[in-house]
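**Student:** Sharing a sequence plus its predicted fold:
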Amino acid sequence: MDTGEYPNRSPLVYFSLCAMQPNNQPAYLIIRQGNRWTDVFRLENNQSLVVGRASSNEIPVADERASRRHAEIFFKDGEWILRDLGSRNGTLIDGSKIDAPRALSPGNQITVASCRMTFVHSLTDYVPPVNDSEGADDSPGSQTQGDLPPSITHRRSKASMLESQEIDPLVPDPSVELASSMQSSSKDRSQRFDPPVQAAAVEVLQLAFELAKSTSIPEACELALGKLLTVTGCQAGGVIKLDAPTKESKPARGKSPDSSRLNLTVLAASELAGKAYHPISETLVQNLLRDRSAILARNVTSDPNFIGDPQQSGSHVLSTTSLIAAPIQLDGTLFGVLHLYSRIGRQDLTPNDLEVALAIAEVLSVSISNLSRQQNLESKLQSTSSRLEQLEQKLGHGDWIGESESMKLLRAQVRRVAPTQATVLIRGESGTGKELVARAVHEHSPRASGPFVTINCAALSPTLLESELFGHEKGAFTGATDRKIGKFELADGGTMMLDELGEMSMEIQAKFLRVLEGHPFERLGSNKPIRSNVRIVAATNRDLEQAVQEGRFRSDLYFRLRVIELKIPPLRERSDDILQLAEFFLRQFRNNSGYGPTQFSPRARKAMLAYHWPGNVRELKNSVERAHVLATGDIAEPEDLALSHLPIPNLPSPAMQAQETQETGSESESLVEPAYTERTLEEVELDHIAKTLKYTQGQKNRAASILGIERSTLDRKLKRLQDGV
């Protein structure tokens, strides 16, 4: 579409003079450039206008053949008069140069250099000149799809005020296509712009800061529309969202059956009290879909392409005189339209208003784009969090199961300990769920958003354990082909759980103690100190006190770790939780696989309650998984559980424990053997290991499970047994 540029590509700056004649007969100047329309002016009877090359004129003419003040048009004695101001090349009316002031009649063709104007009293009476030197017919009916319709006077694709340039509101820059309605006489140049360009730019900048604080797209649209109405002085407008088009169920008259209908949603709207907002016509939206330039249309009162169908929108839309439509784009796609319109009796919208509307539309586009990305991120984060919770439930990382008094007490202790920064020592037999308790401490602490890192000290050799804890540089030892970040660095800002802490070597215990005391550490093969903010949660099933007495564990490290001690009772001491745990595991296995038994038989329940569970919760979970796999019906039987009947020395059954609790005699006396042989604790332990291996027929994995220790720990103890032999 044409913007009114002349051959030297310097755009005209137009000023619309809006008023009615004393006899209520309007007058217009229709300005043409070649075969294209550029503007339609209403003339005001109490002001004159100057045509010329100077940019301060009401109608600037960017042509060297025009004088700075070439001609003047003014109203006198009920007529519009044209006079030449002593120009070099003269002023023409209907091709004839005038020497004295001449009254204008409808249809007169005024020529000032390359600018041609037609004077009319009614736009419908305009007839293109037959002696057009270019031989072009520019009547409304002859406009092609590539030309501007008569009512669209300006089209802009970029807001000049958002570009890096200085703008003087008193002297318009000829490189900026900007105009406004004149509010005072032509002699008062200081009041030419309404609002001033610089003031409008400040308002747009303020809007950008306000939009940065908005939390939703509708809120951002309300802010942008309110600012636009304030700056332009207009009172009616809206922000329209363009949704994906849908196929019409019944095509409208004149449309093909496969035509699509636009889905328009009003995100924000404003009108005078008692009047309804009129959404933008689909024709204008289709225009913006083809050409993403903001448009200013005037004299649109009777054109349904701009005001919509009066039969559908109501006859009151015929009061609309001018409108602005500015595109809101997201990544090159038309998201919506910023819509503004004025009514009869109000000030017409101007090219200056178009500039402001386009600038606000561009700022709003950036805000909507940022809010859309933020909403997408929040949606993905919520979805990820939900999936993480489901995964944690599948992995057993949720809140632990159990309503026994001992577990209630443990929960209360965790809630009191978690918010602090104290080091926690968790003690309990193998399989009781020490890692679950450690994770609960982390998730209820201020470090919950940080990492939770676990490391099993018994599963690694001393060299590898040191590397896992502190990291190493490339070439630090054989096999160190790359730099490795240690667990302490990975857990920075979070929690690190050390499982089987009692298996640490004395050398690593010393280094570990320094880090706990707040000293920096170094990667293996490096001398660069590193600090890490980590909360330590240690876990063990060993008797650390005995290890301290025997010199296998540092006493200073023991006291440094034992700030808060949490004891997890074995499963045999909380029989109230056995069935609840078993049903939870059975339901979990069935949900994951989609098949399996739904409940336990009374015999299976009785068997589980009578069993001593040396492997604690881990063994219970494994037994339930066996029942889930082996059961042939909907009810699991004791045979499906396949409970172990291995006698565990010095491990009383639940019935025996209840009986011993009721007895008044000394428990130590009842356990004294008739014949006592003096043996060290290590000898007793090794003897017990040897008997267990004999029972398992040399199967070390099964023996380690019965003994409640890791396979690597069993191997080290067997090495000591062999060395002793």
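**Tutor:** Perfect, I can see it now.
**Student:** these two touch, right, residue 547 and residue 553?
**Tutor:** Yes - in terms of C-beta atoms under 8 Å, residue 547 counts as a neighbour of residue 553; the distance is 3.8 Å. Glycine gets a C-beta too; all of them are placed from N, C-alpha and C.
**Student:** More neighbours: which of those two?
**Tutor:** Comparing residue 547 with residue 553 by other C-beta atoms under 10 Å, the one with more neighbours is residue 553, at 23 against 17.
**Student:** returning to what we had before: what touches both of residue 547 and residue 553?
**Tutor:** Common contact partners of residue 547 and residue 553 (C-beta atoms under 8 Å, 6 or more residues apart in numbering): residue 502.
**Student:** Would you tell me what the next helix or strand after the helix ranked longest in the chain is?
**Tutor:** Once the chain is assigned using DSSP state H, the helix that runs over the most residues is helix 351-395. Once the chain leaves helix 351-395, the next helix or strand it forms, by DSSP states H and E, is helix 405-417.
**Student:** Could you list the buried residues of that next one?
**Tutor:** Residues of helix 405-417 classed as buried: 406, 407, 410, 411, 413, 414, 417 (neighbour count, 16 or more other C-beta atoms under 10 Å).
**Student:** how near is the closest residue to the first one other than its chain neighbours to residue 377?
**Tutor:** Nearest non-adjacent residue to residue 406, counting by C-beta to C-beta, 6 or more residues apart in numbering: residue 569, 4.5 Å away. Using C-beta to C-beta, to the nearest Å, residue 569 is found at 44 Å from residue 377.
**Student:** Who has more neighbours out of the two?
**Tutor:** Shown here are residue 569 and residue 377; by other C-beta under 10 Å, residue 569 has more neighbours (19 against 10).
**Student:** That one belongs to a strand?
**Tutor:** No - looking at residue 569 with DSSP: H, G, I helix; E, B strand; the rest coil, it is coil, so not inside a strand.
**Student:** residue contacts, it?
**Tutor:** Neighbouring residues of residue 569 by C-beta under 8 Å, 6+ apart: 406, 407, 410, 428, 432.
**Student:** How about the contacts made by residue 224?
**Tutor:** Here residue 224 is in contact with 207, 211, 239, 268, 338, 360, 361, 363, 364, 367 (C-beta under 8 Å, 6+ apart).
**Student:** Does it lie in a helix or a strand, and which?
**Tutor:** helix 217-232.
**Student:** what's the answer for residue 493, then?
**Tutor:** For residue 493, there is no helix or strand it lies in under DSSP H and E.
**Student:** measure it to residue 321 for me?
**Tutor:** From residue 493 across to residue 321, the span is 63 Å (C-beta to C-beta).
**Student:** higher neighbour count, those two?
**Tutor:** residue 321 (22 against 12).
**Student:** quick one on the thing from earlier: how about the buried residues of helix 405-417 in a markdown table, adding pLDDT?
**Tutor:** Shown next, in a markdown table, are the buried residues of helix 405-417 (pLDDT from 0 to 100):
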| residue | pLDDT |
| --- | --- |
| 406 | 88 |
| 407 | 89 |
| 410 | 91 |
| 411 | 90 |
| 413 | 92 |
| 414 | 92 |
| 417 | 93 |
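**Student:** returning to that earlier point: list phi and psi for the residue nearest to residue 406.
**Tutor:** Per-residue torsions, residue 569: phi -70, psi 150 (degrees, to the nearest 10).
**Student:** distance between stretch 227-239 and the chain's centre?
**Tutor:** 29 Å (C-alpha atoms, centre = their mean, to the nearest Å).
**Student:** A strand includes residue 536, no?
**Tutor:** Yes - with three-state DSSP as the criterion, residue 536 is part of a strand.
**Student:** The contacts of residue 224: which two are farthest apart?
**Tutor:** Using C-beta to C-beta, the contacts of residue 224 span at most 14.7 Å, a distance reached by 268 and 363.
**Student:** Surely residue 715 touches residue 700?
**Tutor:** Yes - Residue 715 lies in contact with residue 700 (C-beta under 8 Å); the separation is 7.3 Å.
**Student:** Those two: who's more crowded?
**Tutor:** Neighbour comparison, residue 715 and residue 700: the larger count goes to residue 700, with 14 against 11 (by other C-beta under 10 Å).
**Student:** quick one: residue 365 from residue 602, how far?
**Tutor:** Separation of residue 365 from residue 602 (C-beta to C-beta): 69 Å.
**Student:** between the two, which one's more packed in?
**Tutor:** A side-by-side neighbour count of residue 365 and residue 602, using other C-beta under 10 Å, places residue 365 first with 20 against 10.
**Student:** Next, the contact list for the more buried one, please.
**Tutor:** 328, 329, 330, 335.
**Student:** Doesn't the last one belong to a strand?
**Tutor:** What it means is residue 335. Yes - remark: residue 335 belongs to a strand, assigned using three-state DSSP.
**Student:** number of nearby residues for the closest residue to it other than its chain neighbours?
**Tutor:** Excluding the flanking residues, the one nearest residue 335 by C-beta to C-beta, 6+ apart is residue 328, at 4.8 Å. When counting by other C-beta under 10 Å, one arrives at 27 neighbours for residue 328.
**Student:** And what about residue 328, helix, strand or coil?
**Tutor:** Recorded secondary structure, residue 328: strand (three-state DSSP).
**Student:** does it really touch residue 239, like I thought?
**Tutor:** Yes - in terms of C-beta under 8 Å, residue 328 counts as a neighbour of residue 239; the distance is 7.4 Å.
**Student:** got any residues that touch both of these two?
**Tutor:** Residues within reach of residue 328 and of residue 239 at once, by C-beta under 8 Å, 6+ apart, are 336, 337, 338, 364.
**Student:** which of these count as buried?
**Tutor:** By neighbour count, with 16+ other C-beta under 10 Å, the shared contacts of residue 328 and residue 239 hold 336, 337, 338, 364 as buried.
**Student:** Quick check: the last one vs residue 61, distance?
**Tutor:** For residue 364, the distance to residue 61 under the criterion C-beta to C-beta works out to 36 Å.
**Student:** same deal with the third one?
**Tutor:** In this structure, residue 338 lies at 32 Å from residue 61, with C-beta to C-beta as the measure.
**Student:** about what we covered before: relative to residue 595, which of the buried residues of helix 405-417 is nearest.
**Tutor:** Of the buried residues of helix 405-417, the one sitting nearest to residue 595 (C-beta to C-beta) turns out to be residue 407, at 30.9 Å.
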